[in-house]
Structure formats: C-alpha cells, structure tokens
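# what's the 3D shape of this:
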Amino acid sequence: MKNIKYLFFILLGVTAASCEYFESPDETATVQEGFITFPAISLEGDQYVTMLVNGTFDDPGALASLGTEDITNEIEVTGEVDPATPGVYVLNYSVSVVNELDEVSSASQQRYVAVITESVADVDLSGTYNGNGTAVAGTWTQAATVTPIAGAWYRTDKALASGNNLSIFFALVGDPGENQQERIVVPNQVSAFGFVNTTSPDTYAELIDGGFQWNLFISCCGNFGPIIFTR
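Residues are numbered from 1 along each chain as shown. Model prediction:
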C-alpha cells in the first residue's frame, strides 16, 4: 500500500512538472506547451427545473466558447421534454471542436426537468430519516439527510442508508396513474460506485407512509434494495 501511495505522488509530480496549465471559472483551460484551447459550455437558466404537468417548457439554452471565441451556434442538444407526462427528462448540451493538434475536444452539460403532478406540488421531503436497507447479506440501519435543491429536486447523502455515503439527487414527480404510489425518479447519474438510477428494469422509487423507499440500480453490483426511509 505504501509503494502504491509513493508511486501516485511520483506520477503526480512528473505530470505537474511536464504540463503547466490553468483553469478559469468558465472551465476554459489552456496548456502552456502546445497552446491547446478546450471548449467550455455553460447552461443558461437553472440546471434543475420543475414544472406542473401540462405546463409549458421553454428551453433557456446554453452558451459555449473556445477561448475568447463564441461557438454557441455549434451546440447540439439531445433529449426532449413531454409536458403532458409526469417524469424526469434530461437535456444534453454538447459541443465538439478540432483543436490545434487536430484532435477532437468536447464539453457537455445536462439539464434535468421534472414534470410533476398537482398531488405532490406542496410535498416537502427535506429532513432527516431513519434508513433501513435489506440485501442478501442482511439488513442495516443508518440515518440519512435529504436536502432540497430546487422545486421537486432533492439530494440525499446516504442513498443506501449505509456508511458508504452514496450521495445522489432525485425528483418527486407524483402519481403515474392507475392508483399507483406517488413516484420518485432517480435519473441516471455518476457516483463513486458507477452509474446509479431508478430507470433500469426492476427498479422503483415511491412515497410510503411516513417517508419513501426505493430499489436502485448501481452499475457496480446491480439492483440494490429495498431501502426504506422513514421520519
């Protein structure tokens, strides 16, 4: 283990010595040797958006630059929002350029739009919960905190109610119809354990009496749960 740590710091020192760079707040970086400029992209408006079902969504768009050059017109947007259907929709804004070394450099940002029903518009999930997890290895209990991001969007510090501190964001979108439970959606996102979501097969997330529960897909180990959170 010590040898690995020493090797890491040696490599870090060599990298720092051979490649001086700076990164400005707008995420544009320049490598001093070779003068390579990378594209930067930033969202206009909010990253996490909440709207009522059957409302109107106007995409505020994004801005892109290459150094001092405005390349906003080169942004490609993928994904769409269906205002008539409760759920979470992801818009991806990306831009790619050919740099000074004739290599393709890219930048991207995501906007998350929650289309929610009236039934959950006034629900507040923020607070501290008692978390209980169940798996083949047994059961466990640990407190979890849910903090608001914006509108229907929240973040929890312990998505598995365990000591691994898996932090994820999610949205309360409401009743999907047919007398089902009020639904929560965890959009696909990167974590320390790989991708996490409740959009993969056999996953779910929903309100229950006194809290909520979910079964998460985690790319390191498949579906994980049920995890139950109660106040």
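
# residue closest to the middle of the protein?
The residue lying closest to the centre of the chain (C-alpha atoms, centre = their mean) is Gln189, at 4.3 Å.

# Assumed Ser42 was part of a strand.
Yes. Assessed by DSSP: H, G, I helix; E, B strand; the rest coil, Ser42 belongs to a strand.

# Correct me if wrong: it contacts Gln109.
Yes. In this structure, Ser42 is within contact of Gln109 by C-beta atoms under 8 Å, at 6.8 Å. C-beta here means a position set from N, CA and C on the backbone, and glycine is covered the same way.

# returning to what we had before: quick check: pLDDT value at the residue nearest to the centre of the chain.
Looking at Gln189, its pLDDT stands at 97.

# can you check the one 3 residues further on too?
According to the model's per-residue confidence, Ala192 sits at a pLDDT of 91.

# Tell me how far it lies from Arg155.
Using C-beta to C-beta, to the nearest Å, Ala192 is found at 15 Å from Arg155.

# The two: which has the busier surroundings?
Arg155 (16 against 10; other C-beta atoms under 10 Å).

# Can you give me the domain assignment for the chain?
For the chain, automatic domain parsing gives the domain ranges 23-116, 119-230.

# Give me the mean pLDDT for stretch 218-231.
Mean predicted confidence for stretch 218-231 is 93.

# again but with stretch 138-156, I slipped
94.

# contact partners of that stretch?
With contacts defined as C-beta atoms under 8 Å, 6 or more residues apart in numbering, stretch 138-156 is touched by 46, 48-50, 112, 114, 116, 120, 124-133, 157-159, 161-163, 167-173, 229.

# Out of those residues, which sit inside strands?
Secondary structure from DSSP state E places 48-50, 112, 114, 116, 127-133, 168-173, 229 of the contacts of stretch 138-156 in strands.

# Just confirm Gly127 contacts Phe229, I think it does.
No. Using C-beta under 8 Å, Gly127 is not in contact with Phe229; the gap is 9.7 Å.

# So between these two, which is more surrounded?
The residue with more neighbours, out of Gly127 and Phe229, is Phe229; 25 against 13, by other C-beta under 10 Å.

# ok, that one - contacts?
Neighbours of Phe229 in contact, by C-beta under 8 Å, 6+ apart: Tyr129, Asn130, Gly131, Asn132, Ala144, Val146, Thr156, Ala161, Gly211, Phe212, Gln213.

# and the residue nearest to the second one when sequence neighbours are not counted, bridged to which residues?
Pointing back at Asn130 there. Excluding the flanking residues, the one nearest Asn130 by C-beta to C-beta, 6 or more residues apart in numbering is Thr230, at 5.4 Å. Assessed by DSSP bridges, Thr230 has beta-bridge partners Asn130, Gly211.

# same deal with Ala40?
Taking DSSP bridges as the rule, Ala40 bridges to Ser65.

# Same question for Val113.
Val49, Tyr89.

# Please list all residues in contact with it.
By C-beta under 8 Å, 6+ apart, the neighbours of Val113 are Val49, Thr50, Met51, Phe57, Val81, Val88, Tyr89, Val90, Leu91.

# Identify the residues contacting Val185.
Residues near Val185 by C-beta under 8 Å, 6+ apart: Gly87, Val88, Ala114, Phe170, Ala171, Val173, Thr198, Thr199, Ala205.

# 6 Å instead?
Val88, Ala171, Val173 (C-beta atoms under 6 Å, 6 or more residues apart in numbering).
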